[in-house]
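A.B. asks: What follows is a predicted protein model with its sequence.
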Amino acid sequence: MYPRVKTYKNKDGSERQYLFLVATKRIGGQVKQVTVANLGRLEEARQGIPDLVEKLAKFSKKLRVIELSRDMKSDWVKEYGPVLVLRRFWEELGLARCVEDCFKKRRLRFKAGEIAFALVLNRFLEPGSDLATHEWVEGLYGVEPVEDLNQWYRTLDMLIEQKDQLEHDFFSVRKDLFNQEIDLVLMDTTSVVYWGDGEKAEKILDYGYSKEKRFDLKQMVVGIFMTKEGIPIGHEVYPGNTNDIVAFREMIRAVGVRFRIRRIVIVCDCRVVSQKNLEQLERDGYSYIVGMRMRHLKEMEAKKVLVSEKMMPVTRNLRAREVKLGGRRLVACFNPEQAEKDRAKREEIIGRILQKLKTQGLKSLLMHREYAKYLSIRAEKPQLDETKIEREAIFDGKFVLDTNTRLTWKEVVPPAPQKPLACSSAAAKAAGEAASSTHRPPLEALQSCTSKALQTKNYS
């Protein structure tokens, strides 16, 4: 039903309007409007409509709820979904128990374990300084606000004092939790840049090879220990000018003392670890997984290693196979989706080159790294080289991992998200030139879960 106004003309030319309540019905195979009620002259009906609507609303449950909500007000709105998800991870991984045990012997007048959880929560969702975290927590439901900012600093000091014990306890809890024999640890390093002078941390901050390409900033090197399922069990921090080989040697010593691990696999970036360093690692008896520089392969070697037709499916977006080349054990991987992206990018670059060949000179084109690899010089003029273009197409969507481990080739390649190997992110990164895995990392999956977070409201 719906209202309708009908207009009628009087004999003197003036108009009068009536308000009707009508309904649409099918009569004799035709749709017609049927008058349900005549509410009278429009001018008179307007005066009585508010009372009529109010009386009719008593027969509608939806309108009754709306009417009741008019007397309610929201005092605050806080985010709850991310807290709920992260706390479940925090408890089921055994982190809550490890942190509480760490603080148990101290006579604290505040809940340091809850503050530690809030710090981790902040790093996942909205990383900021301690002061920013102190203010940010007030907007969350399910996390107790901290009144004194110094309690944040005290908690951080206690955590760093108990770092080794915490990591050892978590390592032990994880073995018990999943009933696993952990005899394989994967290691990787990354650099963390520092904004500022860092005068109070001169021993740890220094200039070095920056994986974030910020060579103008001081940094520190962080080494991570991970199980083969991708669960971190420890970390070490080194001066910013420490190279990967020195860091790995220190990490191997630390992991042997603290965790008594029988096997260690080093996962490192091909841009940092040279062939000479790899040979040194082998002489020292260490296992490794590194990305191989595919473009250093000779043409015949590349065709042998990168034949995608011989690769076996690993996941929906990944195929791989093992190849022996000159005494080296390689695992070649192919991602069809990434291959399509690489092809489209190459065609877009070639299109730009064709436009610039008409207007720019030889020097400006050859100085551009992306353009130079598709060009050759003939009669002192730059031209597109079809041979180079065909060779570049061989690498579309592919990356190669070089390893001396006894792991199967399926354990070496980046895995499916439901059972990620620790070498997935590091090895994909190590591939350097074409290492692109379409698998979502745990953090991204978690953020996806919490993007539809609940909002808890308090009504009074």
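C.D. replies: Ah, there it is.

A.B. asks: measure stretch 85-99 end to end?
C.D. replies: 18 Å (C-alpha to C-alpha, to the nearest Å).

A.B. asks: List the buried residues for the top helix by length along the chain?
C.D. replies: Using DSSP state H to define each element, the chain has its longest helix at helix 336-357. By neighbour count on 16 or more other C-beta atoms under 10 Å, the buried set for helix 336-357 is 338-339, 342, 346, 349, 353, 357. The way it works is simple: take the backbone N, C-alpha and C, and place the C-beta from them, glycine included.

A.B. asks: Just give me the closest of those to Arg316.
C.D. replies: If you rank those by distance to Arg316 using C-beta to C-beta, Gln338 comes first, at 12.9 Å.

A.B. asks: pLDDT score for Met226?
C.D. replies: For Met226, the model assigns a pLDDT of 81.

A.B. asks: My read is that it contacts His235, right?
C.D. replies: No - using C-beta atoms under 8 Å, Met226 is not in contact with His235; the gap is 9.7 Å.

A.B. asks: Adding distance to Glu322, write the buried residues of helix 336-357 out as JSON lines.
C.D. replies: JSON lines is the format used below for the buried residues of helix 336-357 (distance: C-beta to C-beta, whole Å):
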{"residue": "Gln338", "distance to Glu322": "20"}
{"residue": "Ala339", "distance to Glu322": "20"}
{"residue": "Asp342", "distance to Glu322": "23"}
{"residue": "Arg346", "distance to Glu322": "28"}
{"residue": "Ile349", "distance to Glu322": "32"}
{"residue": "Ile353", "distance to Glu322": "37"}
{"residue": "Leu357", "distance to Glu322": "43"}
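
A.B. asks: could you pull out the helices for the stretch 351-460 of the chain?
C.D. replies: Per DSSP state H, counting those that start in this stretch, the stretch 351-460 of the chain carries helices over the ranges 362-366, 369-372, 386-393, 409-412, 423-430, 442-450.

A.B. asks: again with the stretch 51-200 of the chain
C.D. replies: Ranges of helices in the stretch 51-200 of the chain, per DSSP H, counting those that start in this stretch, are 61-69, 81-92, 95-104, 112-125, 130-136, 150-161, 163-178.

A.B. asks: and Val255, what does it touch?
C.D. replies: Val255 makes contact with 185, 187, 225, 234, 261, 264, according to C-beta atoms under 8 Å, 6 or more residues apart in numbering.

A.B. asks: ok, back up a step: most tightly packed of the helices of the stretch 51-200 of the chain?
C.D. replies: Among those, the stretch with the highest mean neighbour count (mean count of other C-beta atoms under 10 Å) is helix 112-125, at a mean of 19.

A.B. asks: Work out the gap between that one and the centre of the chain.
C.D. replies: Distance of helix 112-125 from its chain centroid, counting by C-alpha atoms, centre = their mean, to the nearest Å, is 18 Å.

A.B. asks: Next: stretch 2-12.
C.D. replies: Between the centre of stretch 2-12 and the centre of its chain there are 64 Å (C-alpha atoms, centre = their mean).

A.B. asks: Could you break this structure into its assigned domains?
C.D. replies: Using automatic domain parsing, the domain parsing of the chain gives 2-71, 77-164, 181-335+397-447, 338-393.

A.B. asks: By mean pLDDT, show me the worst of these.
C.D. replies: In terms of average pLDDT, domain 181-335+397-447 trails the rest of these, at a mean of 73.

A.B. asks: and for stretch 128-147, what are the contacting residues?
C.D. replies: Outside stretch 128-147, the residues touching it (C-beta under 8 Å, 6+ apart) are 78-80, 82-84, 87, 110-111, 114-115, 117-119, 121-122, 126, 149, 152-153, 156, 456.

A.B. asks: please redo it, this time with the cut-off set to 6 Å
C.D. replies: Stretch 128-147 is contacted by residues 78-80, 83, 114, 118, 122, 149, 152, 456 when judged by C-beta atoms under 6 Å, 6 or more residues apart in numbering.

A.B. asks: Can I get those residues in CSV including distance to Pro382?
C.D. replies: Compiled in CSV, these are given as follows (distance: C-beta to C-beta, whole Å):
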residue, distance to Pro382
Lys78, 61
Glu79, 56
Tyr80, 60
Val83, 59
Glu114, 64
Ala118, 59
Asn122, 52
Leu149, 62
Trp152, 59
Thr456, 64
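
A.B. asks: Could you identify the most distant pair in those residues?
C.D. replies: Largest separation among the contacts of stretch 128-147 by C-beta to C-beta: Leu149 and Thr456, giving 25.3 Å.

A.B. asks: Compare the two and say which one has the larger neighbour count.
C.D. replies: Each of Leu149 and Thr456 has its neighbours counted (other C-beta atoms under 10 Å); Thr456 has more, 16 against 12.

A.B. asks: what about Met226 and His235, which has more around it?
C.D. replies: Shown here are Met226 and His235; by other C-beta under 10 Å, Met226 has more neighbours (24 against 16).

A.B. asks: sorry, back to before: would you tell me which one of the domains of the chain is buried the most?
C.D. replies: When the domains of the chain are compared using mean count of other C-beta under 10 Å, domain 181-335+397-447 is most buried, at a mean of 18.

A.B. asks: Any chance of JSON lines for the helices of the stretch 51-200 of the chain, columns distance to Trp409?
C.D. replies: Output for the helices of the stretch 51-200 of the chain, formatted as JSON lines (distance: least, C-beta to C-beta, whole Å):
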{"stretch": "helix 61-69", "distance to Trp409": "61"}
{"stretch": "helix 81-92", "distance to Trp409": "31"}
{"stretch": "helix 95-104", "distance to Trp409": "33"}
{"stretch": "helix 112-125", "distance to Trp409": "33"}
{"stretch": "helix 130-136", "distance to Trp409": "43"}
{"stretch": "helix 150-161", "distance to Trp409": "39"}
{"stretch": "helix 163-178", "distance to Trp409": "25"}
